[in-house]
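Participant: The sequence and its predicted three-dimensional model are supplied below.
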Amino acid sequence: MSDRITGLVVAVLALAFFASASQLETPFFADPLGPSAFPMLISAVAFICAGMMVLRPDAEPDWPVLSTFIRLSIAVLVLVLYAYGLKPLGFVLPTALAAGAISYQIRPGFRASALTGVCVSIGLFVIFKYGLGLSLFALPRWLMTMIG
Amino acid sequence: MELLANLALGFSVALTPTTLGLAIIGCVLGTMIGALPGLGPSNGVAILIPLSFSFGLDATQALVLMTSVYFGAMYGGRISSILLNIPGDEPAMMTTLDGYPMAKQGRAGDALVLSGVASFVGALLATIGLMLLAPLLAQVAFLFGPAEYFALYLLAFCTLGGIGSNNQAKAAIAVCLGLGIAMVGVDSSTGMTRFTGGSLHLFDGIDFLVAIVGLFAVAEVFVFIESRGRDSAIGVTLDKIRIPVKDILATRLTMLRSTMVGFIAGLLPGAGASLGSFLAYMMEKSIAKDKHLFGKGDPRGIAAPEAGNNAAAGGALVPMLTLGVPGSGTTAVLLALLMTLNITPGPLLFTERPDVVWGLIASLLIANVVLLILNVPMVKLFSRILQVPAAILLPGVTMVSFVGIYSLSGSYFDLLLMIGFGVLGYILRKLSIPAVPVILGILLGGHMEVSLRRAMVLSDGDWTYLFGSPISIGLWIGAIIGFIAPLFLRSYLKAPQPHKDDI
């Protein structure tokens, strides 16, 4: 079933890609093929293969159970927040929280995860900042300027 | 003796203190990366690439560091195969078949030393093969025009899809996905933007490093979260390390044969190290008189896949350096490194930047000796690394990936894109759609389109031009065979299943 759904999704994507490629305007000075031929070729191949997936699906993969799925979603959410937080909040705090949260999702245990988070954060900061010389800010910039 | 002059040039580059130091650091890091289950050569090299830029290394140094990591990971992959029955990386899968049973018989040390020596033989001979063959192939590559290159890229995708996956349709979808992603951004021929949806972030296209780190490293984190990191302690205890001279001598022919097979498998664009170790093992098993010993801790079953996969690692560098077509997932990552360093692999690389090519080759020769020392007398040290729990390792890997990508562009958009690729990689893995063709598609898509369009300009739109030369006809035939043959051979070439633990 998963394969059939994936096949359908890929087929729709391939059609959308094809449509988008065919909308491209070809400048008058372009080469014989122009910018849209190759993308259209790709989408045609993808469409045929998607059809194969729908017609001859493999055995069903074992998808995670609901609780695992929730843990995975939390991990994705944590990483997205981390991506937004890295710049304004400095390195150490978001990294400790994110690393701790990921660690907790792999092996629950509050104290161990917190310790992992703090150690990973500080360890990497030292390596990156002083070992590799990356320009990282340990703390939020407004705090740094207040201290400095 | 042009070869000797070239080698002298190479060693003059490789023996500078910085380069030598980087080769050694690379070997140590690589062995660690290979040994850690869940951190293979592809994602190990992938997360280190952004860092090597921030480090400010020049092209040769970065390449030496990364190929040492690559070779080191190929050596290190066997450690967890033998001690834990979990392959440290995909090519080391075959080593679990005989390595783990041998370790369970109380000969873990022997298995590690034997496989270390086999790795050394395979890697060293393959490096010599690379040295001899690459300049020759570079000469042939001068004959390649756009039509030939187009056919060559097609061959790479077809062999990769045919051999690397159990389902041709899924492999082809993976290739199309990669090619489609490569189309995003400004079209180099006309200067028009394509498939950006008006987003300014996408005008430059999608950085392949973001895709690679996402698909390999971040996806791995999700897999570990799902499996809760099989936190198994060392399954087999490692006692004293002795040199099993008898086994090494008994398997010397096995090592040589497997090196040949592995090297040739590595040369095939798109096939790579997993195929090398697989073919080497199957060949040894089929020519042995006492087949029943295989899978029960036979020394030949350890020597063959290890010599095979390390030889394939060297062989895969040949098409990567001479034609710009990687032979495996990790060489694809190395190609990404070259492209980011603004080095175009291909025949011109050999004439214009001999220092890069020969410096790399000389460094590989040195790295092999370093790796032998690290992997035979010091293997006990590295086996300790296996005890690092996933709950500490994986958060570290994630954060290194984030900082690496962030240090490249400083934009949160690339980080979000990387997370997106991580989720995609996880879903692809669940659906058993291979991720390596996606990477190869992203890397080669632009080149493939350009060569097709150039061919059409040259021929004024005549499609038969694509099959106009003997070389391109050969490549087209190879591509078709590479894609279709595995369909028929699959029933014969079923991979033996690793042992279920029955303690």
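Facilitator: Ah, there it is. Just so it is clear, the model here is predicted, and its values are computed rather than measured.
Participant: Contacts for stretch B:361-374 next, please.
Facilitator: B:7, B:10-11, B:13-15, B:19-20, B:23-24, B:26-28, B:30-31, B:64, B:67-68, B:71-72, B:75, B:116-117, B:119-120, B:123-124, B:127, B:130-131, B:134, B:314, B:382 (C-beta atoms under 8 Å, 6 or more residues apart in numbering or on different chains). For glycine as for every other residue, the C-beta is placed from the backbone atoms N, C-alpha and C.
Participant: Stretch B:391-402 now?
Facilitator: A:79, A:82-83, A:86, A:95, A:98-100, A:102-103, A:106-107, A:112-113, A:116-117, A:119-121, A:123-124, B:36, B:38-39, B:43, B:47, B:51, B:213, B:217-218, B:220-221, B:224-225, B:229, B:231, B:415, B:418.
Participant: Only C-alpha atoms, please: export that stretch in PDB.
Facilitator: Listed next in PDB are the C-alpha coordinates belonging to stretch B:391-402 (Å, rounded to 0.1, in the frame of the first residue of the first chain):
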ATOM      1  CA  ALA B 391      22.400   8.500  22.900                       C
ATOM      2  CA  ILE B 392      25.700  10.500  23.100                       C
ATOM      3  CA  LEU B 393      27.000   9.900  19.700                       C
ATOM      4  CA  LEU B 394      24.000  10.900  17.600                       C
ATOM      5  CA  PRO B 395      23.300  14.300  19.200                       C
ATOM      6  CA  GLY B 396      26.900  15.100  18.600                       C
ATOM      7  CA  VAL B 397      26.700  14.100  14.900                       C
ATOM      8  CA  THR B 398      23.500  16.200  14.500                       C
ATOM      9  CA  MET B 399      25.100  19.300  16.100                       C
ATOM     10  CA  VAL B 400      28.300  18.900  14.000                       C
ATOM     11  CA  SER B 401      26.100  18.700  10.800                       C
ATOM     12  CA  PHE B 402      24.200  21.800  11.800                       C
END
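Participant: what's the distance between that stretch and the middle of its chain?
Facilitator: Put simply, stretch B:391-402 sits 22 Å off its chain's centre (C-alpha atoms, centre = their mean, to the nearest Å).
Participant: Buried ones in it, by neighbour count?
Facilitator: Residues of stretch B:391-402 classed as buried: B:391, B:392, B:393, B:394, B:395, B:396, B:397, B:398, B:399, B:400, B:401, B:402 (neighbour count, 16 or more other C-beta atoms under 10 Å in any protein chain shown).
Participant: quick check, nearest of those residues to residue B:323?
Facilitator: Lowest distance from residue B:323 to the buried residues of stretch B:391-402 (C-beta to C-beta) belongs to residue B:401, with 29.7 Å.
Participant: need the next SSE after the strand or helix carrying that closest one, C-terminal direction.
Facilitator: Here residue B:401 sits within helix B:390-409, counting by DSSP states H and E. For helix B:390-409, the following helix or strand on the C-terminal side (DSSP H and E) is helix B:412-430.
Participant: looking only at pLDDT, what's the mean for that next one?
Facilitator: Averaging pLDDT along helix B:412-430 yields 93.
Participant: who's in contact with that helix?
Facilitator: With C-beta under 8 Å, 6+ apart as the test, helix B:412-430 has contacts from A:2, A:61, A:63, A:72, A:76, A:79-80, A:82-84, A:86-87, B:174, B:201, B:206-207, B:210-211, B:213-219, B:221-223, B:401-402, B:405-406, B:408, B:434-435, B:438.
Participant: Give me the subset of those residues that lies in strands.
Facilitator: Per DSSP state E, strands hold no members of the contacts of helix B:412-430.
Participant: are any of these buried, and which?
Facilitator: Listed as buried from those are A:2, A:72, A:76, A:79, A:82-83, A:86-87, B:174, B:206-207, B:210-211, B:213-219, B:221-223, B:401-402, B:405-406, B:408, B:434-435, B:438; burial here means 16+ other C-beta under 10 Å.
Participant: three-state assignment of residue B:269?
Facilitator: For residue B:269, the assignment made with DSSP: H, G, I helix; E, B strand; the rest coil gives coil.
Participant: what sits against it?
Facilitator: Residue B:269 touches B:152, B:155, B:156, B:159, B:160, B:319, B:323, B:325, B:326, B:327, counting by C-beta under 8 Å, 6+ apart.
Participant: Out of those, which two are the most distant from each other?
Facilitator: B:160 and B:323 (14.5 Å).
Participant: So for those two, which sits in the more crowded spot?
Facilitator: When neighbours are counted by other C-beta atoms under 10 Å in any protein chain shown, residue B:160 comes out ahead of the other of residue B:160 and residue B:323, with 31 against 23.
Participant: Report the separation between that one and residue B:245.
Facilitator: Plainly put, residue B:160 is 40 Å away from residue B:245 if you go by C-beta to C-beta, to the nearest Å.
Participant: go on, residue B:110?
Facilitator: To residue B:245, residue B:110 is 10 Å away according to C-beta to C-beta.
Participant: Likewise for residue B:283?
Facilitator: To residue B:245, residue B:283 is 25 Å away according to C-beta to C-beta.
Participant: between the two, who's got more neighbours?
Facilitator: Higher neighbour count among residue B:283 and residue B:245: residue B:283, with 17 against 9, using other C-beta under 10 Å.
Participant: Quick check, the more buried one in contact with residue B:301.
Facilitator: No. Assessed by C-beta atoms under 8 Å, residue B:283 is found out of contact with residue B:301, at 11.7 Å.
Participant: check which helix or strand covers the closest residue to residue B:161 other than its chain neighbours.
Facilitator: Excluding its sequence neighbours, the residue lying closest to residue B:161 (C-beta to C-beta, 6 or more residues apart in numbering or on different chains) is residue B:171, at 3.3 Å. Assigned by DSSP H and E, residue B:171 belongs to helix B:168-183.
Participant: which secondary structure element contains residue B:315?
Facilitator: helix B:299-323.
Participant: try residue B:51
Facilitator: With DSSP H and E as the test, residue B:51 turns up in helix B:41-54.
Participant: quick one on the thing from earlier: need the per-residue pLDDT for the residue nearest to residue B:161.
Facilitator: Residue B:171 is given a pLDDT of 88.
Participant: contacting residues around it?
Facilitator: Counting by C-beta under 8 Å, 6+ apart, residue B:171 touches B:160, B:161, B:162, B:164, B:165, B:433, B:434, B:437.
Participant: Which of these scores worst on pLDDT?
Facilitator: Ranking these by pLDDT, residue B:164 lands last with 65.
Participant: Look at residue 93 and say how many residues are nearby.
Facilitator: Picked chain A for this. The burial count for residue A:93: 15, using other C-beta under 10 Å.
Participant: actually chain B
Facilitator: By other C-beta under 10 Å, neighbour count at residue B:93 equals 22.
Participant: same thing with the one 5 residues further on?
Facilitator: The number of residues packed around residue B:98, counting by other C-beta under 10 Å, is 29.
Participant: Mind pulling up the pLDDT for it?
Facilitator: On the pLDDT scale, residue B:98 gets 87.
Participant: try residue B:125
Facilitator: Reading off the confidence values, residue B:125 has pLDDT 94.
Participant: Direction included, what does the following helix or strand past the helix holding residue B:171 pair against?
Facilitator: Scanning forward in sequence from helix B:168-183 by DSSP H and E, the next helix or strand is strand B:185-186. Note on strand B:185-186: by DSSP bridges, its sheet partners are strand B:193-194 (antiparallel).
Participant: In chain A, where is pLDDT below threshold?
Facilitator: Within chain A, the ranges that satisfy pLDDT under 70 run A:28-30, A:141-148.
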